[in-house]
Structures are given as structure tokens and as C-alpha cells.
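Trainee: test case, fold it:
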Amino acid sequence: MVELTTTHLVALGLTSREAEVVQWLARGKSSYEIAKILNISDRTVSKHLGRVYQHLGVENRHAAMAMVHEEIRRMTSR
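Mentor: Numbering: from 1, shown residues only. Model (predicted):
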């Protein structure tokens, strides 16, 4: 599996904070857990995820993870 680096995620149009949220999401963390790890509110995590979904053109976390993995595979296979 391709590692989700901040550099790869930022190249997809995410901010560094959005990339950080996605990295924790990819590790199987819930929004509540991500909020605690990053010392932000659950609402802030939800806002970051909403923007991630908009950037990627998806509607939920599962589709976002699939899209991110596919895009990074494409980027690293060039």
C-alpha cells in the first residue's frame, strides 16, 4: 500500500491540516479520536473533512480514502 504523505496529499489540493486529518483517517481513527489527537473540536474535524470531500469530489470518508489511494498510486507510478 502507498503511504499517505503530506506532500502527496497537498499535491491533490488539500491544505496541510486537511492532509493531517486524512492521514489519521487512513489509520482508522474516528472523527472524535482525530479531534483529540490534533487538539481541535469534533466540529473542526467535520469541517476539514467536508472540504476534503469537496476537493476530491466525493461524499463520504470511504470514497475519499479510495480516491486518495488511487490518486497517489497514479502519482507514484509515473
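Trainee: let's check: the centremost residue of the protein is which one?
Mentor: Val22 (2.2 Å; CA atoms, centre = their mean).
Trainee: now do that one against Lys47, distance only.
Mentor: To Lys47, Val22 is 14 Å away according to CB to CB, to the nearest Å. Quick note: C-beta positions are derived from backbone N, CA and C, even for glycine.
Trainee: check Met65 too.
Mentor: 18 Å.
Trainee: what of Arg73?
Mentor: 28 Å.
Trainee: quick check: closest non-adjacent residue to His48.
Mentor: With sequence-adjacent residues excluded and distances taken as CB to CB, 6 or more residues apart in numbering, His48 is closest to Val21, at 4.5 Å.
Trainee: mind listing what that neighbour touches?
Mentor: Contacts for Val21 (CB atoms under 8 Å, 6 or more residues apart in numbering) come out as Ile34, Leu38, Val45, His48, Leu49, Val52.
Trainee: any idea how far Val68 is from Thr44?
Mentor: 20 Å.
Trainee: so these two - more neighbours on which side?
Mentor: Val68 (24 against 16; other CB atoms under 10 Å).
Trainee: wait, doesn't that one sit right on Leu25?
Mentor: No. If you go by CB atoms under 8 Å, Val68 and Leu25 don't touch, sitting 9.1 Å apart.
Trainee: ranges for the helices of this protein?
Mentor: For the chain, the helices defined by DSSP state H cover 6-11, 16-26, 31-38, 42-56, 61-76.
Trainee: and those as JSON lines, adding mean pLDDT?
Mentor: Converted to JSON lines, the helices of the chain look like this (pLDDT from 0 to 100):
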{"stretch": "helix 6-11", "mean pLDDT": "86"}
{"stretch": "helix 16-26", "mean pLDDT": "93"}
{"stretch": "helix 31-38", "mean pLDDT": "97"}
{"stretch": "helix 42-56", "mean pLDDT": "95"}
{"stretch": "helix 61-76", "mean pLDDT": "85"}
